[in-house]
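Asker: Everything below, folded, please.
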Amino acid sequence: MTLRQAEGDREIVGVIGAGAWGTALAQMLSSDGREVLLWAFEPEVVDAINSEHRNSQYLPSAKLADNIRATGDLSDFAAIDTVLAVTPAQVLGKVLEGLTRPPRDLVLCSKGIEAGTGRLMNDVARAASPGSEIAVLSGPTFAHEVAAGLPTAITLACEGGREQWERLSPAVARLAFRPYYSDDVTGAEIGGSIKNVLAIACGVIDGLGLGQNARASVIARGYAEMLRFGEELGAQTETLAGLCGLGDLVLTCSSTSSRNFSLGKALGEGQSAADLMADRTTVAEGAHTAPVLAELAKDRGISMPIVVAVNAILKGEAPSDVVAMLLARPLTAETIGDQADIA
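Answerer: Below you'll find the predicted structure:
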C-alpha cells in the first residue's frame with residue numbers, strides 16, 4: 001500500500017498531534033477503513049500506537065484501529081493532501097513549519113490564540129504553511145466520546161467556501177461524526193478559543209461551591225463576551241450561536257471531562273495555578289489563551305470582565321476575592337452587542 005492509497009480508492013488522511021483529541025480524530029477517521037497517518041512528538045507514543053494500538057499516555061480508554069499508523073517524521077506527510085492539525089495552539093506554527101510540502105487542505109483542530117502575537121490559528125497556519133487552503137473544525141467534542149463512536153456534530157468552516165467543503169467534507173464526515181458547513185473561519189476559531197477560558201470560570205464556580213445558578217449566569221454572560229469579541233473581529237453571530245460557539249461552550253462549562261473546567265475547579269478548591277499547570281500532562285488551552293485574550297480585549301476596548309477575572313485568578317489572585325469583585329460591579333442592562341461596561 002503506497003502513501004497515496006488506502007482501502008479502495010480512499011486517500012490517506014493525516015493527523016498531526018497525538019494528544020487525546022488528535023488520537024480520537026484518527027480513530028474516528030479510520031472507521032471507514034482508510035489508512036490514517038498520525039504524527040506524535042514522543043517516540044514512545046509512536047512505538048505504542050504501532051506495536052500495541054494504544055495511546056496509553058493520552059487516550060488510554062481506546063483500542064486503536066489497525067489502519068492507524070503513527071510516525072514521528074513530518075516528511076511522511078509530504079504526499080498527503082488532507083491534514084488535520086491537532087497540536088497545542090502555542091506550538092502549531094513551529095510544528096507546521098516542519099512540513100516538507102504544504103497539504104492542499106489544512107484543517108485546524110487546535111483551539112487557542114497565539115501568545116505574544118495575538119494571532120488566531122488560521123493566521124498562524126497561513127504563515128507557516130503557505131499554499132494550503134485553511135479550514136477549521138470545531139464544536140462540542142469530548143475526545144473519549146468521539147473515539148468511542150458516539151454521535152457528534154461539529155462546524156467545519158472552510159475559507160475556500162463551498163468548493164473546499166465539497167472536497168473536504170467526505171474526507172471528514174462519518175456516520176457518527178456530522179460536520180455542518182460554514183465559511184466563517186474567524187467565528188469558528190473565536191468560539192473555540194473563548195469557551196476554554198469561560199470553562200475555567202465555570203470550574204472555579206464549581207470549586208467554590210457557588211451553585212448551579214451561578215454557573216448558568218457565567219455561561220450566559222460569558223457568551224455575551226464571546227459575541228462582543230467576535231463582533232469586533234468580524235465573526236458572524238450565527239456562527240457563534242452554533243456548534244462551535246454556544247454548543248461547545250455549554251459542553252465544556254458543564255463537565256469535569258473538560259480539562260479547562262477541571263483546572264478551574266481545582267483553582268476554586270484552593271490549589272495554585274502554577275502547581276496545576278506544572279503537573280498537567282495534557283494542555284488546558286484556556287490558561288494560555290486567557291492572558292492574551294484579556295490583553296486583546298483591553299487594547300480593543302471590548303468589555304470582557306469574566307475573561308479578565310479568569311486571568312487574575314491564573315495570576316494568583318484568590319478566586320473568592322475575584323468573584324466578590326465581579327458581584328460588586330454596578331448594575332446595568334443585559335446587553336450583548338455593544339461595548340458597555342457590563343458583566
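Asker: and the helix or strand encompassing Ile190, what's its mean pLDDT?
Answerer: When elements are assigned from DSSP states H and E, Ile190 belongs to helix 185-207. Mean pLDDT, taken over the full extent of helix 185-207, equals 98.
Asker: Nearest residue to Leu249 in space, ignoring adjacent ones along the chain?
Answerer: Lys195 (4.3 Å; CB to CB, 6 or more residues apart in numbering). C-beta here means a position set from N, CA and C on the backbone, and glycine is covered the same way.
Asker: Can you tell me how far the one you found is from Gly270?
Answerer: With distances taken as CB to CB, to the nearest Å, Lys195 is found 25 Å from Gly270.
Asker: More neighbours: which of those two?
Answerer: Using other CB atoms under 10 Å, the more surrounded residue of Lys195 and Gly270 is Lys195, with 33 against 11.
Asker: ok now do that one, which residues does it touch?
Answerer: Contact criterion CB atoms under 8 Å, 6 or more residues apart in numbering gives Lys111, Met226, Gly245, Asp248, Leu249, Thr252, Cys253 as the residues in contact with Lys195.
Asker: now with 6 Å?
Answerer: The contact partners of Lys195, by CB atoms under 6 Å, 6 or more residues apart in numbering, come to Asp248, Leu249, Thr252.
Asker: ditto for Tyr180
Answerer: If you count contacts by CB under 6 Å, 6+ apart, Tyr180 has them with Thr155.
Asker: That one: what secondary structure?
Answerer: Secondary structure of Tyr180, reduced to three states by DSSP: H, G, I helix; E, B strand; the rest coil: strand.
Asker: all helices for the stretch 51-200 of the chain, in order.
Answerer: In the stretch 51-200 of the chain, the segments counted as helices under DSSP state H, counting those that start in this stretch are 92-96, 121-128, 143-147, 161-172, 185-207.
Asker: by contact count, what packs against the third one?
Answerer: Under the contact criterion of 3 or more CB pairs under 6 Å, 6 or more residues apart in numbering; DSSP states H and E, the helices and strands touching helix 143-147 comprise helix 20-29.
Asker: In PDB, could you pull the C-alpha coordinates for the helix it packs on?
Answerer: Coordinates of the C-alpha atoms in helix 20-29 are reproduced here as PDB (Å, rounded to 0.1, in the frame of the first residue of the first chain):
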ATOM      1  CA  ALA A  20      -6.300  12.900  23.300                       C
ATOM      2  CA  TRP A  21      -8.100  14.900  20.700                       C
ATOM      3  CA  GLY A  22      -5.700  14.100  17.800                       C
ATOM      4  CA  THR A  23      -5.900  10.400  18.700                       C
ATOM      5  CA  ALA A  24      -9.600  10.400  18.900                       C
ATOM      6  CA  LEU A  25      -9.900  12.100  15.500                       C
ATOM      7  CA  ALA A  26      -7.500   9.500  14.000                       C
ATOM      8  CA  GLN A  27      -9.700   6.700  15.400                       C
ATOM      9  CA  MET A  28     -12.900   8.400  14.000                       C
ATOM     10  CA  LEU A  29     -11.300   8.900  10.600                       C
END
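Asker: report the angle between the axes of it and helix 161-172?
Answerer: 80 degrees (axes from the mean of the first three to the mean of the last three CA atoms, to 10 degrees).
Asker: circling back to that earlier point, out of the helices of the stretch 51-200 of the chain, which is closest to Arg300?
Answerer: Taking CB to CB, helix 185-207 is the member of the helices of the stretch 51-200 of the chain nearest to Arg300, at 12.7 Å.
Asker: right, and the helix or strand after that closest one?
Answerer: Counting by DSSP H and E, the next helix or strand C-terminal to helix 185-207 is helix 212-233.
Asker: Quick check: which helices or strands does the helix or strand following that next one pack against?
Answerer: Using DSSP H and E, the next helix or strand after helix 212-233 towards the C-terminus is helix 237-240. For helix 237-240, the elements it packs on are helix 185-207, helix 212-233, judged by 3+ CB pairs under 6 Å, 6+ apart.
Asker: what comes up buried for helix 237-240?
Answerer: Judged by neighbour count (16 or more other CB atoms under 10 Å), helix 237-240 contains these buried residues: Thr239, Leu240.
Asker: Can you show me the CA trace of that helix as CSV?
Answerer: What follows is the C-alpha trace of helix 237-240 in CSV, where atoms were taken according to Å, rounded to 0.1, in the frame of the first residue of the first chain:
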residue,chain,number,x,y,z
THR,A,237,-23.2,36.0,15.0
GLU,A,238,-24.9,32.8,13.7
THR,A,239,-21.5,31.0,13.8
LEU,A,240,-21.1,31.8,17.5
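Asker: Can you tell me what sits against that helix?
Answerer: By CB under 6 Å, 6+ apart, the residues outside helix 237-240 that reach it are Ser182, Asp184, Gly187, Gly191, Met226, Leu227, Gly230.
Asker: Neighbour-wise, which one of the residues you listed leads?
Answerer: Using other CB under 10 Å as the contact criterion, the top neighbour count among those goes to Gly191, which has 33 neighbours.
Asker: residues in contact with stretch 306-319?
Answerer: Identification of contacts with stretch 306-319 by CB under 6 Å, 6+ apart yields 197, 200-201, 204, 208, 222, 225, 267-268, 273, 287, 290-291, 293-294, 322, 326.
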